[in-house]
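> Quick one: sequence and predicted model below, then my questions.
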Amino acid sequence: MSAASKRSALSIFLLSVSWLTFSFLPEVAAAVTGYVRVSQIGYEAGLPARAYVMTTRQVSSVMFKVINSVGRVVASGSVGARLGSWAAYSVYPIDFTITAPDTYTIGVSGPVSATSPSFPVDAASNLYTPALANALYFYETERDGPNFIPTELRTAAGHLNDATAAVYQTPSFDGSDLILEALRPTGAKINADGGWWDAGDYLKFVQTTSYAVAEMLVGIRDFPEQLGAGSATSNFTNEAKFGLDWLQQMWDDSNHTLYYQVGIGTDFRSYNYQSDHDIWRLPQKDDTYGGTDPQYKYIRNRPVFVAGAAGSKISPNLAGRLAADFALCFRVYQGTDTAYANQCLLAAEHIFDLANTAPSGHLLTVAPWDFYQETEWRDDLELAATELYFAIQGGNLPQGLPHTDPNYYLARAANWAHAYIHSSSDGTDTLNLYDVSGLAHFELYRALVLAGNPTNLAVKEADLTNDIANQITTSISQANDPFGSGYGWSFSDTVSHVAGLSVMADEFFFLTSDPSYATDARRWLANIHGTNAWGSSFVVNEGSRFPFCMQHQVANLMGSTDGRPPVLSGAVVEGPTSAHSSGLVQGMVTCPSQGGDAFKKFNGKGAVYKDNVQSYTTVEPAIDLASNSLLMYAWRIAGKPAGKP
């Protein structure tokens, strides 16, 4: 269950649990007339910080105090002028700067009386390094196949039958996403084991894996102390290779054949076969699920779908991200596994050459397309060509490459950037699964500098930074949020988009030294950790209030339902959107256990958030939702990339 058609906000207030009482008391006490929203992951020491007061009536002369861990007031002042409204609430800013590392609370008094959850103030490395470790834990928990990592949540391997998976043609679907005919086998079998589950379900997609791997590899290369070998707690080098290994299995370079999906998530119109989304279970159950009952045949033996005949053109979105992944693979692993790196680069060039640069109809994403409704692709080819430029420019190339001149790829990257900037998609999205231009432009700018600022290409550096700024500014204006989010909370993939905007803001400052969005980068990170209408962090185990009731089978069946360990740390959920979903599946652990919807009163401006295991639209985590957070945290810790790409 994922993305546009399938990706909830918490309703358990366990006042009997003493460790939660202090943090949640302001949210539930009858005498409370307002709420103080803070970044529960914390604020960077010595930098301007902002919290918010929500109250059901307009007020003035509200005073605030920032109180440290021993009860001493370290800052105080008047709450700022009203920023606007949200649902029944007026929203006011609290601006402060704290330099001493400690744990703090904010209290307001006067016409409004409320106290915030506690929050730390510290150096960026102390705030965000644990978050990166949590993110690594999330991906490790999402591992499928024999190379799983045992934890309290994972006790056995899943889907070992994927090692001999049968290949099928892409099926046709009706308007309700039901499969219209019996699956048509090609007669081939491939090893499709390994890889990460896409989300809270057990499907595996090249679409989302290729995006997550690209951001991991960029992070390992640019931030080695945070995401690479320099980190003792969040070294993603092995995890990125785990993702790459699966992508290598899904691309047959000898026959130039792409396989793009493992498993089915919807039912058949005329056949009684169960799909992945019909049952709630642990992954190790699937290989023998239902014994020999034919209705579970595609649970026990999951189909793999092929993108086309050997050597056929590849949908440019998938071709672009896969080529970028494999080019980055060459750069990251060249010094430690030369043969593997060379294999990656050969595959990258072959895939890039097979990209369909004149697509019609829907792009190939997953089956059905409604699960991930991607429409833009020029950005993917821009990213691929740029990463191929970096790979070729670095030298020590394997034999047999179709292209060995780095300028061949630099020109193509510039052409695709120009095509994107002058397309109808420009300014309609920001960095996320569906639009990687926010990363591609940053990478291409650095490539142009490395190439000596050539003037004979389709774009110049200023074209790229102007487009990044245009995307950010347009998104802010559309959000119209009194809490300062750069992306509207009623849209889809809200948390991922806000994290992507934070990354873009840091990129922009690094490239231009223009501080226009420097403060926004921190505020957007704070938005997804509690400075929002609901007062919730949307990243598991980051802050005192985070999703307890995710639609994630392993977390639901093996984890807690009250926020205490074990939880799926580092999981990033969809977040607020235009509607929550409902629907029980047999075997679900009811969460929240007492029912109710504690966040309902904070819904507003078309945005809803519900923390309920049934609500995949708001609280299902996914691998593409989490990957933006890697770069967001690394940027805040490091401040800039380490060296050249």
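The structure has been received and is ready for your questions.

> where exactly do the strands run in the stretch 251-400 of the chain?
Remark: strands assigned in the stretch 251-400 of the chain by DSSP state E, counting those that start in this stretch are 251-252, 257-262, 304-306.

> nearest to Gln284, of those strands?
Distance to Gln284, taken as Cβ to Cβ, is lowest for strand 257-262 among the strands of the stretch 251-400 of the chain, at 16.2 Å. In this view, the C-beta of every residue, glycine as well, is placed from N, C-alpha and C.

> can you list the weak-confidence ranges in this protein?
Applying pLDDT under 70 to the chain flags the ranges 1-32.

> if we go to 80?
1-33 (pLDDT under 80).

> Where do the helices of the stretch 451-600 of the chain begin and end?
461-479, 494-512, 518-527, 553-558 (DSSP state H, counting those that start in this stretch).

> same deal with the stretch 151-300 of the chain?
For the stretch 151-300 of the chain, applying DSSP H, counting those that start in this stretch gives helices covering 206-222, 224-227, 237-250, 297-300.

> Show me what the second one packs onto, helices and strands only.
Right, the one you point to is helix 224-227. The helices and strands touching helix 224-227, judged by 3 or more Cβ pairs under 8 Å, 6 or more residues apart in numbering; DSSP states H and E, are helix 124-141, helix 206-222, helix 623-638.

> angle of the last one against helix 518-527?
What it means is helix 623-638. 130 degrees (axes from the mean of the first three to the mean of the last three Cα atoms, to 10 degrees).

> packing partners for helix 623-638?
Contact here means 3+ Cβ pairs under 8 Å, 6+ apart; on that basis helix 623-638 packs against helix 124-141, helix 206-222, helix 224-227, helix 494-512, helix 518-527.

> out of those helices, nearest to Ala440?
Nearest to Ala440, of all those, is helix 206-222, at 9.8 Å by Cβ to Cβ.

> my read: Asp353 touches Tyr408, true?
No - with contact defined as Cβ atoms under 8 Å, Asp353 does not reach Tyr408; the gap is 11.0 Å.

> that older thread, can I get the helices and strands packed on helix 623-638 in CSV with mean neighbour count and distance to Gln399?
Listed next are the helices and strands packed on helix 623-638 as CSV, based on neighbours: other Cβ atoms under 10 Å; distance: least, Cβ to Cβ, whole Å:
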stretch, mean neighbour count, distance to Gln399
helix 124-141, 21, 34
helix 206-222, 26, 24
helix 224-227, 24, 29
helix 494-512, 26, 36
helix 518-527, 23, 44
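
> nearest to Leu258, of those?
Closest among the helices and strands packed on helix 623-638, once you apply Cβ to Cβ, is helix 206-222, at 7.4 Å.

> Distance of Tyr139 relative to Leu631?
Distance of Tyr139 to Leu631, computed by Cβ to Cβ, to the nearest Å: 14 Å.

> swap that for Gln343, please
Taking Cβ to Cβ as the measure, Gln343 falls 26 Å from Leu631.

> more crowded one of the two?
Leu631 (26 against 18; other Cβ atoms under 10 Å).

> tell me the contacts of Gly427?
467, 470-471, 474 (Cβ atoms under 8 Å, 6 or more residues apart in numbering).

> Of these, which is the nearest to Pro101?
Out of the contacts of Gly427, the member with the shortest distance to Pro101 (by Cβ to Cβ) is Gln471, at 34.7 Å.

> circling back to that earlier point, make JSON lines from the strands of the stretch 251-400 of the chain and add distance to Ala214 and mean neighbour count to it.
Shown next, in JSON lines, are the strands of the stretch 251-400 of the chain (distance: least, Cβ to Cβ, whole Å; neighbours: other Cβ atoms under 10 Å):
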{"stretch": "strand 251-252", "distance to Ala214": "15", "mean neighbour count": "20"}
{"stretch": "strand 257-262", "distance to Ala214": "16", "mean neighbour count": "24"}
{"stretch": "strand 304-306", "distance to Ala214": "22", "mean neighbour count": "22"}
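
> any chance of those strands in a markdown table, with distance to Gly230 too?
Converted to a markdown table, the strands of the stretch 251-400 of the chain look like this (distance: least, Cβ to Cβ, whole Å):
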| stretch | distance to Gly230 |
| --- | --- |
| strand 251-252 | 30 |
| strand 257-262 | 34 |
| strand 304-306 | 37 |
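
> To Phe173, which of the ones you listed lies closest?
Ranking the strands of the stretch 251-400 of the chain by proximity to Phe173 (Cβ to Cβ) places strand 304-306 first, at 12.2 Å.
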